[in-house]
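[1] mind folding the following:
(2 chains)
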Protein chains: 2
Amino acid sequence: MASAVLKVEGMTCGHCVSAVEKAVTGAGATGKVDLAGKSVAVEYDEAKVSLDAVKAAIEDQGYDIV
Amino acid sequence: MASAVLKVEGMTCGHCVSAVEKAVTGAGATGKVDLAGKSVAVEYDEAKVSLDAVKAAIEDQGYDIV
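    Numbering: from 1, shown residues only, chains lettered A, B, ... in the order given. The predicted model follows:
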């Protein structure tokens, strides 16, 4: 398993937390958002999921990876 | 039809807009949120819906009516 912490701009509330975590899950990884820290900790299996796919799923929800 | 503009604290993003408008609809009224203005314009049939019920539905979503 690999892990990464992505900085994400635009998350403002609990709905945003859910949207981002759901996007990460949908991409086949697991994610835990730190709303105050404007970040999401991602764990994923490099053999199955690319970090770029996770980033794309988050961006598809309208958030910017910085 | 009656109308009212409620001041609502805690709406921060499009998800919040949807949550509040859905709450208003669920209470049997129609609502249009002004996110920047921190308010929601509500239209309702006084014979069928009480404004208190609309307020309660919004508060149930975690927002404060001020």
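
[2] use CA for all of it now, contacts and neighbours both
    Noted.

[3] pLDDT score for the residue located most distally from the centre of chain A?
    Here chain A reaches farthest from its C-alpha mean at A:Ala47, the gap being 18.0 Å by C-alpha atoms, centre = their mean. If you check A:Ala47, the pLDDT there is 97.

[4] dihedrals phi and psi, A:Gly26?
    phi -60, psi -30 (degrees, to the nearest 10).

[5] list the buried residues of the lengthiest strand in chain A.
    Longest strand in chain A, counting residues (DSSP state E): strand A:2-9. Neighbour-count burial for strand A:2-9 flags A:Leu6, A:Val8, A:Glu9 (criterion: 16 or more other C-alpha atoms under 10 Å in any protein chain shown).

[6] that strand packs against which elements?
    Counting contacts by 3 or more C-alpha pairs under 8 Å, 6 or more residues apart in numbering or on different chains; DSSP states H and E, strand A:2-9 packs against strand A:39-44, strand A:64-65.

[7] does chain B sit close to stretch A:20-33?
    No. Legend: contact between stretch A:20-33 and chain B by C-alpha under 8 Å from any C-alpha of the partner chain is lacking; minimum distance shown is 12.0 Å.

[8] rewinding a little: most packed of the helices and strands packed on strand A:2-9?
    Greatest average neighbour count among the helices and strands packed on strand A:2-9 goes to strand A:39-44 (a mean of 20), per mean count of other C-alpha atoms under 10 Å in any protein chain shown.

[9] tell me what that one is packed against?
    Taking 3+ C-alpha pairs under 8 Å, 6+ apart as the contact cut, strand A:39-44 packs with strand A:2-9, strand A:30-34.

[10] what's in contact with the longest strand of chain A?
    Here strand A:2-9 makes contact (C-alpha atoms under 8 Å, 6 or more residues apart in numbering or on different chains) with A:38-46, A:63-66.
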